[in-house]
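Visitor: Generate coordinates for the sequence data below:
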Amino acid sequence: MADVPRRALVALGAAALLGVSACGGTAAPPASSAPPASSVQGGSWTWQDDRGKKITLPRRPQRVVAQSAAAAALWDFGVRPVGVFGPHKLKDGGRDPEVGEVDITKVESIGNVWGEFNVEKYAALRPDLLVAGMYVKDTLWYVPEQSVAAVDQIAPTVGVQLSGKPLVQIIERYGRLAEALGADLTAAPVAEAKKRFEDASAALKRLAADRPGLSVMVVTGTPDSLYVAYLPDHPDLKYWGEDLGLKIVHPERPTESEGGFWEVLSWENADKYQADVILVDARTQSMKIEEMAEKPTWAKLPAVKAGQLYPWHAAERYSYLGYAKVMEELTTNLDKARDDVVKE
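Guide: Below is the predicted model of the structure:
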């Protein structure tokens, strides 16, 4: 496995920002209850992003470039970016899951891996706007620090805050941005995806209620360490645990040096936590299950011995369709899992 940059590991959990139940409990506030972030007046276009930065343009942006996960979310709401950066193409030429449904044959690639951003290609696209999520405050995900000044000179940028926000709120935020960019949120595919998300949430909630003893832990690995997800900092896990009732085993606090998100364990201490099921980071840059199998302590974990290892989609796009698929898969996997392996 290629080394995962340390800064990337800080946000490895990036996968869901949750908080508000889509199928019961506290309802998410309707978009209309929030102050408008965008307006089109006299042909001009404005948007206030999650850095508090107000963008004003003479017309609605037409040529949007977006980080792969942001591009995937916008695509599901009906926006078609002209360029993407961040993971979107696999080594075999196929589409990386992180870019969702985006047709990678119809968008320009500005960069495909961490630290790669071709400023010249970006400028040649004549972009009106760049969109990226933010796990670190005011820091656009996958825009290299050394490229920020040049990127800012070419076109305005919009940041969407991902950490510290509820999952449903983040999905709605992308929806409102897509609408401001001309998407129709009443279109059948969007409405169908939202209903699918609500149904998937309800199904996972029922499973959690029916299987209260089923415990789940979420991890990612590097050759030197096992990272155990800290639930409060991962919106998807927080949604599943706090809103839907899934029993998630997690540290009491994250390792301070990671800035949240994880407790970092040496492989010798990989048995500190145990659960019936382990969800393993499925991203291409993360350590594979076959590689983890070579670690003796990992091999002895009850869930590993029972073969109850399933994927965790840590960089899923924040759209109804994206998380509907994730929860459908998760429910299917958990439904067939035993809930007594830790006791053996």
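
Visitor: contacts, neighbours, all on C-alpha from now
Guide: Will do.

Visitor: Wasn't Ile110 part of a strand?
Guide: Yes - with DSSP: H, G, I helix; E, B strand; the rest coil as the criterion, Ile110 is part of a strand.

Visitor: What about it, how many residues nearby?
Guide: 22 (other Cα atoms under 10 Å).

Visitor: Do you have the strands of the stretch 101-250 of the chain handy? List them.
Guide: 108-111, 129-134, 157-161, 215-221, 225-229, 247-249 (DSSP state E, counting those that start in this stretch).

Visitor: Counting by contacts, list what the last one packs against.
Guide: Strand 247-249 is packed against strand 215-221, with contacts defined by 3 or more Cα pairs under 8 Å, 6 or more residues apart in numbering; DSSP states H and E.

Visitor: so where's this protein shaky on pLDDT?
Guide: By pLDDT under 70, the low-scoring segments of the chain are 1-42, 344.

Visitor: can you tell me which helix in the chain is longest?
Guide: Using DSSP state H to define each element, the chain has its longest helix at helix 188-210.

Visitor: Check the spacing between the closest residue in space to Leu57 that isn't next to it in sequence and Arg176 real quick.
Guide: Leaving aside its sequence neighbours, Leu57 sits nearest to Trp45 (Cα to Cα, 6 or more residues apart in numbering; 5.1 Å). Distance of Trp45 to Arg176, given as Cα to Cα, to the nearest Å: 14 Å.

Visitor: Looking only at neighbour counts, state which of the two leads.
Guide: Neighbour count, other Cα under 10 Å: between Trp45 and Arg176, Arg176 has more, with 21 against 18.

Visitor: Show me the helices in the chain, by range?
Guide: In the chain, the segments counted as helices under DSSP H are 6-10, 68-77, 119-124, 148-154, 167-180, 188-210, 235-238, 289-292, 296-299, 302-305, 320-335.

Visitor: So for the fourth one, what gets flagged as buried?
Guide: Burial within helix 148-154, assessed by neighbour count using 16 or more other Cα atoms under 10 Å, is assigned to Val151, Ile154.

Visitor: So what touches it?
Guide: By Cα atoms under 8 Å, 6 or more residues apart in numbering, the residues outside helix 148-154 that reach it are Val119, Ala123, Pro127.

Visitor: Can I get it in PDB? Just the C-alpha atoms.
Guide: This file holds the C-alpha atoms of helix 148-154, laid out as PDB (Å, rounded to 0.1, in the frame of the first residue of the first chain):
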ATOM      1  CA  VAL A 148      -3.700  28.300  -3.200                       C
ATOM      2  CA  ALA A 149      -2.500  31.700  -4.200                       C
ATOM      3  CA  ALA A 150      -2.400  30.800  -7.900                       C
ATOM      4  CA  VAL A 151      -5.800  29.100  -7.800                       C
ATOM      5  CA  ASP A 152      -7.400  32.100  -6.100                       C
ATOM      6  CA  GLN A 153      -6.100  34.400  -8.900                       C
ATOM      7  CA  ILE A 154      -7.800  32.300 -11.600                       C
END
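
Visitor: What is the distance between it and the centre of its chain?
Guide: Centre-to-centre, helix 148-154 and its host chain are 25 Å apart (Cα atoms, centre = their mean, to the nearest Å).

Visitor: Determine which of the helices of the chain approaches Tyr135 most closely.
Guide: Taking Cα to Cα as the criterion, helix 6-10 is the member of those that comes nearest to Tyr135, at 8.5 Å.

Visitor: rewinding a little: mind putting the strands of the stretch 101-250 of the chain in CSV, distance to Ile171 included?
Guide: What follows is the strands of the stretch 101-250 of the chain, written out as CSV (distance: least, Cα to Cα, whole Å):
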stretch, distance to Ile171
strand 108-111, 24
strand 129-134, 12
strand 157-161, 10
strand 215-221, 22
strand 225-229, 22
strand 247-249, 23
